[in-house]
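Enquirer: this is a predicted model, with the sequence first.
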Amino acid sequence: MRPGHPHPKVFSRRTLLWMLASVPLAWALGPMLRRVRVQNQPAPVPIPPDVPTGLSVAGEAIVHRGPDGTVRAFASRCTHLGCRLDRIKDGTIVCPCHGSSFAADGRVLTGPAVRPLAPLRVLPDAATGGWIAHAG
Amino acid sequence: MPAERESEPRRFLTFRGVTTGDVAIAAFGLCAISGMLLAGAFDPRDGARSIAEWLLGNPGAVFLRNVHYWTAQLFLVFTGLHVWDHFQAATETRVKPAVWLRLVLSVPVIAFLMLSGFLLRGDADARQAQLIFTEAITLIPFAGPSLATLLVGTGDHLMVVYVQHAATATIIVWLVIIEHARRLWPKSGIFTVVSLAAGALAFVLSPGLHDGLDALVKGPWYFLGLQEILHWTSWPLAVLVAGGLLLGLMVMLPRMTEVWAMRTKTFLLMTGGVYLILCGVGLFLRGENWSWRPNWPAGRSDLRPGFIIPAAPNPAIVIPAKLPVVLGRPEGCLVCHGDITGLGDAHRPESIGCASCHEGDRFTLDKERAHAGMILVPGNLADAPRTCGLAGCHTDIIPRVERSIMTTFSGVISANRRVFGETAPIAAAPPHVRDLGTSAADSHLRQLCVSCHLGQEKIAWGPIVQESRGGGCNACHLVYDQAATEGLARYEAAPLGARGEIPKVHPALSVNADNSHCFGCHSRSGRISTNYEGWHEMHEPPPAAALLADQTSTPAQFRQLDDGRYFTRMTPDVHQERGMDCIDCHTATEVMGDGRTVAHKNQQVQIRCEDCHARPLASMPAAMLDPESLKLLAIRKWTLESAQRFGTTRTGSALFNVTVDASGVGQLKRKRTGQPAELRAPLAVCVEGNGHDRLTCNACHAAWAPRCASCHTSFKPDLEGYDHLTQMPTKGAWVESSGGFETAPPTLGIRTDPADATRPQGVVDTFVPGMIMELDRNMQSGQSADPVFRRMYARTFAHTIRREARSCQSCHNDPVALGYGRGELRYVVADGVGRWQFTPLHESLPQDGLPADAWVGFLQSRNGMLSTRDEVRSFTPEEQRRILQVGACLTCHAGDSPVMKQAIADFAGALSRRHTSCMVPSWPK
């Protein structure tokens, strides 16, 4: 025991009280938790009909148009720590923050990310002749 | 109780009675005051815009922002030093546990206070940091998402961050300071000193602001260590846990024995030291995409030296009350350059500003500062990824161009190395001009050839002219119209040292590249640009009298290019006569590449004569047009109807300027003018029978091609050369010379194309002498001679197409066409026997016994290196005999006679029906 506090306790009564109170407090914050998750999903992203072949960035989506015209889209957020992905380099998607890279099909090529990019649902957009990418 | 516990605590580090804590408190106080004063001018809905507006027109706010920044840095640094001090003095045991706990917990609060201040910048750096911070906090089990919402909110704006920074975190830290230091206000003396120091720094060193264009994205310097750690770990939560454990260790310090406390503090301080080193790594050694790139931090987000009050602005410039906004940010460039015209819809300054292409500093009205680091001629391949290739612009095209053969130069490099005997393994990747070495072959190219590749930098303003080389995107897309040319001329006309009138008309960036863009490079070597226009290079200048007479003749017979070479008039290509440009045939995909790296030009060129002149034409529906074609149609404002069909190349690429009707007949639109052109069907003789199945169109329709009678390559060690790659003079120079330039219908030979399954035996194509010479491969090294003799022809597409084809005799009875070289080829009938005889014009060379200009000997075969390419060859003896057999008939029968027309369809039948007087050739045994 060192000078300054001759009667050490593992927990004071007040600390214990705070710890017990934190459980219902966290439970009460649950709805907020869900709200954050919903809001982190990207809004529908319009993809123009002349989106170039190969990889491109369309707002909050990474779009890949194959030589056969098929269009795929991924959320433009790095699966490592959520950085916005807005760089295409040598046919790969590169994270500007920590250097992860992803293939055109969303696979991780180099870390630190370990999870593939989140795919978006791509549906035709009759109004523009292009597509709309939806989350989920 | 150990003896150490009774020892007198060490005194704090002081300077004239002032502790590091006193400095930290003073800095905190001044930081709070400056932040409070800034609040009124800051819009948390768009922090970056607020700051940009300060930088552009509010030096007072810039000063306050700088004071806020510098006092925050001082607070952080001196707080760290004060913690060190406390550790040294072992004071953790002299405060109540709750006070100690609050002190320790204030560490993450201070971290949040600093980080949230950075987030309020709202620029690209800050937005990425906000995403990382939010994601990291969300990872905390159970409470993470709630905590993230509490600290940064849920929207894109910074309202919550602003409140937590300016109020919550500031108040908490202040309360902890009051409790810890037992003082409400800083000492007046040190407060004055800190104010003076921060004020001095604030005048000359400003924190930057990311302009949204720079590819470099980094957090604040004190978080770069964390960014570096996160780069190395796939489990960010582990980093958070480790941070929590470090805090836990600090919390537990008072409960430890003195020995363990010292060990723990040593560990914590060492951890802090390592962390600072990692911050240095992030600051000095990391570049774009966190790649390893040692550099002095000079990005647009980094500290900028310079007096914050701009130099006296040009009185002629009126600063508008509302600054021009481009891409969501104020663009200071437009205050002075807002009246620039000439750029098309896509590149209008009102749409993309100036800095998007020219860089510089868009957040200042100080001319010198705004222009520092500016790119005068953007679009060179060295800067294209961060100018033309910016995200949202032409990101997809730049990598294609970088791999295209006009950039890599791989075909020329391969051919040249082959001649020098420096051939790379077949499996090796195609060479790239940037990787040229110093061997004889490569230095030969460096001096004589590589000024033409697209990577060659264009450094001076002005249009693309005959002597322009390279320039990246500019090589094709930079277009000076008359107004731009005149504006530039007025600017350049100003006396040396005087300030000319700044051109108001910017050169356009257009997809409608005219032939002058191609001319500079393609008027050399194969000279296809001059051929196309009907000009043949003269080996010697014309006589002065002829030149004088030519000044009044129409059309002129002679033409001198800007590089001094003289040309004489020849028949132009029929497409040139019809007003067609290079881009009318050559597609964007083949000019800019399709992303593949190819070894030779023919692998990148897609267009064939048949793509426009076959019947029926191959076509595709409008719905299958690729995005690039759609974009090019839209740029030209050409209507696109769903029922339209478009022509295609052999590789299936769209020819968006060729529409094809239901019967397979096509019509071409000239890309620059939109004028239609008829696409004629091939003549009957081209498609009837099977006699000419293997002929390419140009085998008959190429009217002429330039040829060198002889060529010589030597290395002169005493001369000074010039390396186009390094743009430096060299000791020793490669020198090329020729015995003279001639023209003739091209020689014919065989080219096999693995991609053409319909003609596996190859096609008859056109060739010219490539190099027939002896080359000493040790010329450059100066070692004992290593001579090698080459007799090579090169494939050519001369771009001298005429509607009328060459005559039957010009192929079947012509020694040049057959590859024998110039001379007399006679069919002699004597004693009832017909024999072909050839008398060459040129003497035979001692190296191989063939005439000086021959590709193959008369009725002989050749092996070995026949060309710069493997897939071409001269005619075999059997092929020569078959050609000459028809040639024998043509000595009596006209090419358009009925019997010869029948022979095209059925030569064997025609031969069997021949008259008894017809003498078929006999061949030597």
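Expert: On my side now, so go ahead. Residues are numbered from 1 along each chain as shown, chains lettered A, B, ... in the order given.

Enquirer: show me what from the stretch 351-500 of chain B comes close to chain A.
Expert: Proximity of the stretch 351-500 of chain B to chain A, by Cβ under 8 Å from any Cβ of the partner chain, involves residues B:391-392, B:395-396, B:399. Yep, even glycine has a C-beta here, placed from its N, CA and C like the rest.

Enquirer: what about the residues you listed, which are in helices?
Expert: Assigned to helices by DSSP state H, the following of those qualify: B:P399.

Enquirer: now the residues of the stretch 351-500 of chain B next to chain A: which count as buried?
Expert: Among those, those that count as buried by neighbour count (16 or more other Cβ atoms under 10 Å in any protein chain shown) are B:391, B:395-396, B:399.

Enquirer: how about a markdown table for those residues, with pLDDT added?
Expert: Formatted as a markdown table, the entries for these read as follows, by pLDDT from 0 to 100:
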| residue | pLDDT |
| --- | --- |
| B:A391 | 70 |
| B:T395 | 81 |
| B:D396 | 80 |
| B:P399 | 86 |
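
Enquirer: farthest pair in the residues of the stretch 351-500 of chain B next to chain A?
Expert: The widest separation within those, taken as Cβ to Cβ, falls between B:G392 and B:P399 and amounts to 15.5 Å.

Enquirer: relative to chain A, how far out is B:W292?
Expert: In this structure, B:W292 and chain A are separated by 9 Å, where distance is defined by Cβ to the nearest Cβ, to the nearest Å.

Enquirer: do the same with B:L890
Expert: Note on B:L890: its distance to chain A, by Cβ to the nearest Cβ, is 48 Å.

Enquirer: surely that residue touches B:C811?
Expert: No: at 9.4 Å, B:L890 and B:C811 do not qualify as touching, with contact defined as Cβ atoms under 8 Å.

Enquirer: give me the more crowded residue out of the two.
Expert: B:C811 (24 against 20; other Cβ atoms under 10 Å in any protein chain shown).

Enquirer: need the contact list for B:P572.
Expert: Residues in contact with B:P572, defined by Cβ atoms under 8 Å, 6 or more residues apart in numbering or on different chains, are B:532-534, B:800.

Enquirer: hmm, I was thinking of B:A546
Expert: Applying Cβ under 8 Å, 6+ apart, we find B:A546 in contact with B:557-558.

Enquirer: for B:R565, which non-adjacent residue is spatially closest?
Expert: Distance criterion Cβ to Cβ, 6 or more residues apart in numbering or on different chains; nearest residue to B:R565, sequence neighbours excluded, is B:E537 at 5.7 Å.

Enquirer: if that neighbour is in a bridge, with which residues?
Expert: In this entry, B:E537 is beta-bridged to B:F567, by DSSP bridges.

Enquirer: which pLDDT does the model give the residue of chain A found nearest chain B?
Expert: Using Cβ to the nearest Cβ, the closest approach of chain A to chain B is made by A:G82 at 3.3 Å. On pLDDT, A:G82 comes in at 88.

Enquirer: that one against B:T134, yeah?
Expert: Yes: with contacts counted by Cβ under 8 Å, A:G82 reaches B:T134, the gap being 6.7 Å.

Enquirer: list the contacts of the helix or strand where B:S50 lies.
Expert: For B:S50, the enclosing helix or strand under DSSP states H and E is helix B:47-57. The set of residues that contact helix B:47-57 without belonging to it, under Cβ under 8 Å, 6+ apart, is B:41-43, B:61-62, B:65, B:120-123, B:126, B:158, B:206, B:209-210, B:212, B:319, B:323, B:325, B:328-330, B:332, B:335, B:362-365.

Enquirer: filter these down to the buried ones.
Expert: For these, a burial check counting by 16+ other Cβ under 10 Å picks out B:42, B:61-62, B:65, B:120-123, B:126, B:158, B:206, B:209-210, B:212, B:323, B:329-330, B:332, B:335, B:362-365.

Enquirer: which of those residues fall in strands?
Expert: Within the buried ones among the contacts of helix B:47-57, residues falling in strands by DSSP state E are B:206, B:329-330.

Enquirer: quick one, what contacts the closest residue to B:V160 other than its chain neighbours?
Expert: The shortest distance from B:V160 to any residue other than its chain neighbours is 3.0 Å, reached at B:G153 (Cβ to Cβ, 6+ apart). Shown in contact with B:G153 (Cβ under 8 Å, 6+ apart): B:159-161.

Enquirer: out of these, who's the most crowded?
Expert: Within those, B:V161 tops the neighbour count with 26 neighbours, counted by other Cβ under 10 Å.

Enquirer: can I assume that one is in contact with B:T154?
Expert: No: B:V161 is not in contact with B:T154 according to Cβ under 8 Å; the separation is 11.5 Å.

Enquirer: what's the burial count for B:Q809?
Expert: B:Q809 has 15 nearby residues by other Cβ under 10 Å.

Enquirer: that one contacts B:H893, doesn't it?
Expert: No: here B:Q809 lies out of contact with B:H893, judged by Cβ under 8 Å, at a distance of 10.4 Å.
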